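Colleague: using only what follows, build the 3D model:
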Amino acid sequence: MKNCTLIIMAAGLGSRYGGGIKQLEPVGPDGEIIMDYSVYDAKAAGFDKIVFIIRKDIEQEFRERIGDRIAKHVNVEYVFQETSDIPEAHKKIERKKPWGTCHAVLCAKDAVKEPFAVINADDYYGRQAFVELFNFLTSERPASDRLDLCMAGFILKNTLSDNGAVTRGICQVDREGKLVGITETYNIRREGDKVLSGKTETKEVDENSHVSMNMWGCPPEFMDTLAVKFEEFLCENDESESAESLLPIMIDGLLKNGEAQCTLLESRDRWFGVTYKEDKQAVADSIAELIREGVYPEKLWELG
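Modeller: I've put the predicted structure just below:
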């Protein structure tokens with residue numbers, strides 16, 4: 001079986017969550033956090049290494065709350081995303097805000113030499129998406145002069161929060177199931193029987209649209225392209241206090257200029273996460289329901 005790594009981006013500040021380290025909030029009956037379920041599903045799908053991207057200041061708590069437990073069941077590595085970890089020539093200002101998800105994944109460049117998937121730490125994705133990504137990443141496909149990527153595409157109505165608006169990358173897909181574009185769409189919420197986006201200019205959105213939840217599958221050479229694109233981003237934004245280089249936007253550019261192709265792998269699983277503090281109880285209730293259905297054992301790692 002081919003080696004395949006899961007990168008988990010867990011360095012986010014969680015500003016919308018209202019303080020605290022939202023990625024480490026327990027939601028399972030034995031103190032499990034959302035990442036426990038992602039790692040459990042990834043391991044079951046075939047992923048054999050986990051790379052956590054975290055901030056140095058949360059390392060001790062992170063290891064205590066999940067890292068040391070997970071390391072008993074799967075290979076674990078840590079990399080650190082710090083705002084100062086950029087080329088010296090671009091350190092023109094002191095930034096408090098992270099440089100974005102492209103920078104986060106690039107921090108793992110030296111730790112990943114095999115096909116890999118990328119996910120957010122505070123999102124629950126479900127088993128199907130991990131299986132689909134693993135199968136794609138480990139399958140033989142015709143040689144191409146373009147990067148061969150994949151993305152788990154979720155159904156918009158399965159990814160909404162009851163506690164506030166969300167941002168989603170709405171996908172455009174061709175007849176062959178290839179992703180041709182992603183439109184970052186803000187302030188998406190359900191109002192009555194409609195799903196709307198926008199604030200001043202409200203627009204109805206198709207609730208059955210495919211959306212990106214930042215769950216990507218990439219060949220190892222993607223890291224080299226990512227380094228080039230992040231350097232280009234820094235050349236334009238290294239004096240900004242807020243600009244971020246985001247994976248969906250960067251990949252959208254690769255698709256449009258022909259540098260990459262991306263297969264959308266549909267998942268019908270329901271997403272849930274802790275975007276807002278009020279989401280925590282809903283997530284815990286959803287996990288409890290999955291346990292009652294037999295999807296997970298009550299003590300996740302007792303037999304793992």
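Colleague: in the stretch 201-304 of the chain, where is pLDDT below threshold?
Modeller: Flagging of the stretch 201-304 of the chain using pLDDT under 70 yields the residue ranges 303-304.
Colleague: mind listing the helices for the stretch 101-250 of the chain?
Modeller: Assigned by DSSP state H, counting those that start in this stretch, the helices in the stretch 101-250 of the chain fall at 101-106, 127-137, 222-237, 247-256.
Colleague: mind listing what's buried in the second one?
Modeller: In terms of neighbour count (16 or more other Cβ atoms under 10 Å), helix 127-137 has its buried residues at Arg127, Gln128, Ala129, Phe130, Val131, Glu132, Leu133, Phe134, Phe136, Leu137. Just so you know, the C-beta spots here come from the backbone N, C-alpha and C atoms, and that holds for glycine as well.
Colleague: what is the nearest of these to Ser38?
Modeller: Checking those against Ser38 with Cβ to Cβ, the nearest one is Phe130 at 7.8 Å.
Colleague: check the closest one and give its pLDDT.
Modeller: At Phe130, the predicted lDDT confidence score is 98.
Colleague: any stretches of the stretch 51-200 of the chain with poor pLDDT?
Modeller: Looking at the stretch 51-200 of the chain by pLDDT under 70, you get an empty list.
Colleague: quick one: contacts for Arg55?
Modeller: Applying Cβ atoms under 8 Å, 6 or more residues apart in numbering to Arg55 gives the contacts Ala11, Phe80, Gln81, Glu82.
Colleague: again but with Arg65, I slipped
Modeller: Leu24, Ile33.
Colleague: ok, now with 10 Å
Modeller: Shown in contact with Arg65 (Cβ atoms under 10 Å, 6 or more residues apart in numbering): Ile21, Gln23, Leu24, Glu25, Pro26, Gly31, Ile33, Met35, Asp36, Ile58.
Colleague: spell out the secondary structure type for it.
Modeller: Under the three-state scheme (DSSP: H, G, I helix; E, B strand; the rest coil), Arg65 adopts helix.
Colleague: on that earlier part again, tell me which of the contacts of Arg65 is nearest to Pro297?
Modeller: Minimum distance to Pro297 across the contacts of Arg65 is 11.5 Å, recorded for Asp36 (Cβ to Cβ).
Colleague: show me what contacts that closest one?
Modeller: The contact partners of Asp36, taken as Cβ under 10 Å, 6+ apart, are 26-28, 30, 65-66, 69-70, 287, 296, 300-301, 304.
Colleague: three-state assignment of it?
Modeller: Quick answer, by three-state DSSP: Asp36 is helix.
Colleague: how far away is it from Gly28?
Modeller: Separation of Asp36 from Gly28 (Cβ to Cβ, to the nearest Å): 6 Å.
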